[in-house]
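J.: Build me a model:
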Amino acid sequence: MVSADAARTVVGIIGNLISFFLFLSPVPTFVRIWKKGSVEQYSPVPYLATLINCMVWTLYGLPIVHPDSTLVWTINGSGTVIEVVYIILYLIYSDKKKRLMVVLVVAVEIIFIGVLTALVLTLAHTHTKRSLIVGIISIAFNIMMYAAPLTVMKLVITTKSVEYMPFFLSFASFANGLAWTAYALIRFDPFITLSCFCMPHTISRLSDR
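T.: Numbers count the residues shown, from 1 in each chain. Next comes the predicted model:
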C-alpha cells in the first residue's frame, strides 16, 4: 500500500510540473508586447502580485520555517524567477511613469521579504511559530494574487473587449489552486489548504462582473 508521504510526493511533483507550465501562461501576452514594442494598457499588477506571493511561499517552504516542504519552495522559487523575467520585460517596454511605479513596488516587496525573514528567524524560535506567522502572511498574499486579475476588469468592461484581460494568467491561477488543494489535503497543511480556497471566491467575483 502506498504511504501518505509517497502519495503526497507524487502529487507534489505533478503539481510542480503543472504549476511550472502555468507560470509560463503569460508568455503569449509578452510575445504580443515584444512585437508591438509597448505594454499598451496591460497592467503589471498581476505579475507584481504573483512575485510577492511566490517569494513569501518560498520562505514558507524552506526547512528553517516549515520542514518537509521541498516541493513548495522549489516551485515558488521557480515562479519567482519567472515573474522577475516578466517584470524585466515589462520595464523594457513600458513608459517612464509605469517603469518608476513598477520599480518602486518591486523594491518595497524585496524589502518586505527581507524584513519578514529577519524578524521570523530572530523572534520565532520554533518551526510551529514560524510556520504560523509566514503561513498567515502567505494566505494574505495568495488572496492578492488571485484577486489581481480584477484590476483589469474595469478596462474590459469599458472597452467591451477582453483584449487586455490576461486570461491565461487568470486561468493559471485557477488551475494552480486546484492542483495544490490535493497536495495540501493528503497530509493536511492548513495554510496551503486555506490559500487554495481563495481561488473559487475570486473566480466567482470575476463572473459576477
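J.: where does this structure dip in pLDDT?
T.: The chain contains residues with pLDDT under 70 at 1-2, 146-173, 175-176, 197-209.
J.: any chance you could map the helices in it?
T.: Here the chain has its helices, by DSSP state H, at 4-23, 27-36, 45-61, 70-92, 96-123, 127-147, 153-159, 167-186, 190-196, 198-208.
J.: Give me the distance between Leu178 and Asp5.
T.: Going from Leu178 to Asp5 by Cβ to Cβ, to the nearest Å gives 22 Å. Just so you know, the C-beta spots here come from the backbone N, C-alpha and C atoms, and that holds for glycine as well.
J.: err, Ile111, not the other one
T.: Between Ile111 and Asp5 the computed distance is 37 Å (Cβ to Cβ).
J.: May I see the helices of the chain arranged in TSV, with mean neighbour count as well?
T.: Output for these, formatted as TSV (neighbours: other Cβ atoms under 10 Å):
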stretch	mean neighbour count
helix 4-23	16
helix 27-36	14
helix 45-61	25
helix 70-92	18
helix 96-123	13
helix 127-147	19
helix 153-159	12
helix 167-186	19
helix 190-196	19
helix 198-208	14
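J.: For the nearest residue to Thr117 once chain neighbours are set aside, list the residues it contacts.
T.: Counting by Cβ to Cβ, 6 or more residues apart in numbering, Thr117 lies nearest to Leu59, which is 6.0 Å off, once chain neighbours are set aside. Listed by Cβ atoms under 8 Å, 6 or more residues apart in numbering, the contact partners of Leu59 are 65, 73, 113, 116-117, 120, 134.
J.: ok, now how distant is Lys98 from Ala179?
T.: For Lys98 relative to Ala179 (Cβ to Cβ), the value is 32 Å.
J.: cool, and Leu22?
T.: Distance, Leu22 to Ala179, using Cβ to Cβ: 8 Å.
J.: Could you do Thr9 as well?
T.: Separation of Thr9 from Ala179 (Cβ to Cβ): 14 Å.
J.: What residues does the residue nearest to Thr9 when sequence neighbours are not counted make contact with?
T.: Leaving out its chain neighbours, the residue that sits closest to Thr9 by Cβ to Cβ, 6+ apart is Leu71, at 7.2 Å. Leu71 is in contact with 9, 12-13, 15-16, 61, 183, counting by Cβ under 8 Å, 6+ apart.
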